[in-house]
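Visitor: Let me see the structure of the following:
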Amino acid sequence: MEIHDLLKEYIIQIDKTIEKYIPRFFSEDAILFKFIPPRYAHNLIAINKSITDPIWEFLDRGGKRWRAALFLIICEALGKNPWDYIDFAIIPEIIHNGTLIVDDIEDSSEYRRGKPSTYKVYGLDIATNAGNAMYFLPLLPLIENQRNFSSATLSKIYEIYLKEMISLSLGQGVDLAWHKDLVNSDRLTEKQYLQMCAFKTGTLARMAAKMAAVLADADDELVEKLGRFAESIGIAFQIQDDVLDLTSSDFTRQKGGFGQDITEGKKTLIVLRTLSIAEFEDKERLLHILKLHTPDPTLKEETLSLFQKYHSIEYAKQFARRILDESWKEVDHALPDSDSKKKLKYFSNFLIERNI
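Guide: Predicted coordinates for the structure are as follows:
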């Protein structure tokens, strides 16, 4: 089966499961209210208008659901029936979509997935609250199914959730500081960039992999190895996003236009590579353009020319491939040979070779 077909199959089941815990309309018998019943009286219309509507309007825009898919493939590679664990696969996926809603507010982004950002549709207040709710609502499957797991297993899962959510905030904080010029861009290093990505983009992939491994009864060493591999996927995925922002018309149309990272002044690996090897005048020019946060297509094209002059886009592509290949070696030795292991390898390759 092609990865595209596999993702389509997963997406259908993943969205059905999300709807099980976050229904398109909360009624009084929703799973949520089993655990937080009202003391007085619900106003269900208000809850649905302010939380459910913006969440599902955003989820219905699409998305690859690849973090949930990664969770399921890892379960399978560890010898489990992945569909027995699908309720838990939605945890990192819902959180991810919540971060996108909040990111668009923080970045003042106009569009997401080809439509106006959620805060543009519903307002800052509604979008902020709905995005934040998506950090916590996906824990409902753990509460609902807690009798099926030992206290030790649940403790590990909650610890993973806590650590990764903190990491997520750290990564976002660093990224915001960089593209708002709160630190000296001249001194940023590739290692600092990789750590930002490990915190920000790597964290939910790592969460998916580690939760899947714990629930599939993997030992602690294998949990960590799979977590590091998934983190590398997340970092490589981010690098590929940075490349596509400059090179893919399909991707940039969905994101909101060519060179959005330039407009936001983001310090991507492509930018850092260029700054590290560029001639003085080119370096100063690049820094100047990024500080303008410009939507001007002419200035964006000039920036792209600088990246091309120093072969920084190709460098980023090769960098992403290298870190993924290196991290796979650890997992390759740790997992028994199987069709599901091959699926995991193909899947990781797809995520960094995609054009959208």
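Visitor: and the gap between the closest residue in space to Leu335 that isn't next to it in sequence and Ala77?
Guide: Using Cβ to Cβ, 6 or more residues apart in numbering and skipping the chain neighbours, the partner closest in space to Leu335 is Lys341 (5.0 Å). For the C-beta atoms, the positions are set from N, CA and C on the backbone; glycine is no exception. Separation of Lys341 from Ala77 (Cβ to Cβ, to the nearest Å): 5 Å.
Visitor: what's the overlap in contacts for the two?
Guide: By Cβ atoms under 8 Å, 6 or more residues apart in numbering, Lys341 and Ala77 have these common neighbours: Leu335.
Visitor: what residue ranges in the stretch 51-200 of the chain score low on pLDDT?
Guide: The stretch 51-200 of the chain contains no residues with pLDDT under 70.
Visitor: what about the helices in it?
Guide: Counting by DSSP state H, counting those that start in this stretch, the stretch 51-200 of the chain has helices at residues 53-59, 66-77, 86-107, 118-122, 124-133, 140-144, 151-179, 190-200.
Visitor: Can you say which of those is packed in most?
Guide: helix 66-77 (a mean of 27; mean count of other Cβ atoms under 10 Å).
Visitor: and that one with helix 86-107, angle?
Guide: Interaxial angle, helix 66-77 versus helix 86-107 (axes from the mean of the first three to the mean of the last three Cα atoms, to 10 degrees): 150 degrees.
Visitor: what does helix 66-77 rub up against?
Guide: Identification of contacts with helix 66-77 by Cβ under 8 Å, 6+ apart yields 6-7, 10, 14, 81-86, 88-90, 92-93, 96, 204-205, 207-209, 211-213, 215-216, 226, 230, 233, 237, 335, 338, 340-341, 343-344, 347, 351.
Visitor: cool, stretch 127-137 as well?
Guide: 21-22, 32, 50-51, 54-55, 94-95, 97-102, 104-105, 117-119, 121-122, 165.
Visitor: From the chain's centroid, how far away is that stretch?
Guide: Offset of stretch 127-137 from its chain centre (Cα atoms, centre = their mean, to the nearest Å): 15 Å.
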